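> Structure for the following, please:
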Amino acid sequence: MSTAVRPKPRDDAYTVLLSISLLAMIGACVMLYYDLKRFPSLKPPATYGQAAPITAAPRIDDNLPAPPADNTPPPGTPPANANPPDGTNAPAKTDPSKPE
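Next comes the predicted model:
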């Protein structure tokens, strides 16, 4: 049985990160305490638990226009196979880095 004395391991970057996160958590708890201390009481308001009066919500589809009867696209929408606006019938370039 060997009784050799081993040196104590040095702290590394993970130990430093762990201590920084511990200080950040303690600081956040202190800030939360001072934030909650600003309020006069932590009791809920007197209306807590009572039901709110029920009112009818307006219907949202009363103001919408009716859809087209034959599923046509709205005016101004070009068809899917339309030519480019410059009048040419050339397909779009696929790779802009290659010259024509």
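
> For the chain, give me the ranges with low pLDDT.
For the chain, the stretches with pLDDT under 70 are 1-2, 42-50, 52, 57-69, 71, 73-74, 77-100.

> repeat that with 50
Within the chain, no range satisfies pLDDT under 50.

> number of nearby residues for Ala4?
Other residues lying near Ala4 total 4 when counted by other Cβ atoms under 10 Å. Every residue, glycine included, has its C-beta placed from N, CA and C.

> What's the separation between it and Arg10?
18 Å (Cβ to Cβ, to the nearest Å).

> One more: Val30?
Here the criterion is Cβ to Cβ. By it, Val30 lies 31 Å from Arg10.

> Same drill for these two, tell me which one is more crowded.
Ranked by neighbour count (other Cβ under 10 Å), Val30 and Arg10 place Val30 first, with 10 against 6.

> now the more buried one, what's its secondary structure?
At Val30, secondary structure determined by DSSP: H, G, I helix; E, B strand; the rest coil is helix.

> and it, how far is that from Leu36?
Distance from Val30 to Leu36, counting by Cβ to Cβ: 11 Å.

> and what of Thr72?
In this view, Thr72 and Leu36 are 60 Å apart by Cβ to Cβ.

> ok, now Pro9?
41 Å.

> cool, and Thr3?
Distance check for Thr3 against Leu36: by Cβ to Cβ, it reads 55 Å.

> now swap in Met25 and tell me
17 Å.

> Over to Gly76?
Remark: distance between Gly76 and Leu36 (Cβ to Cβ) = 56 Å.

> helix or strand for Asp35, which one?
In the assignment (DSSP states H and E), Asp35 maps to helix 13-37.

> In that helix, which residues are buried?
Neighbour-count burial for helix 13-37 flags no residue at all (criterion: 16 or more other Cβ atoms under 10 Å).

> just checking, what packs against it?
Here helix 13-37 touches no other helix or strand, going by 3 or more Cβ pairs under 8 Å, 6 or more residues apart in numbering; DSSP states H and E.
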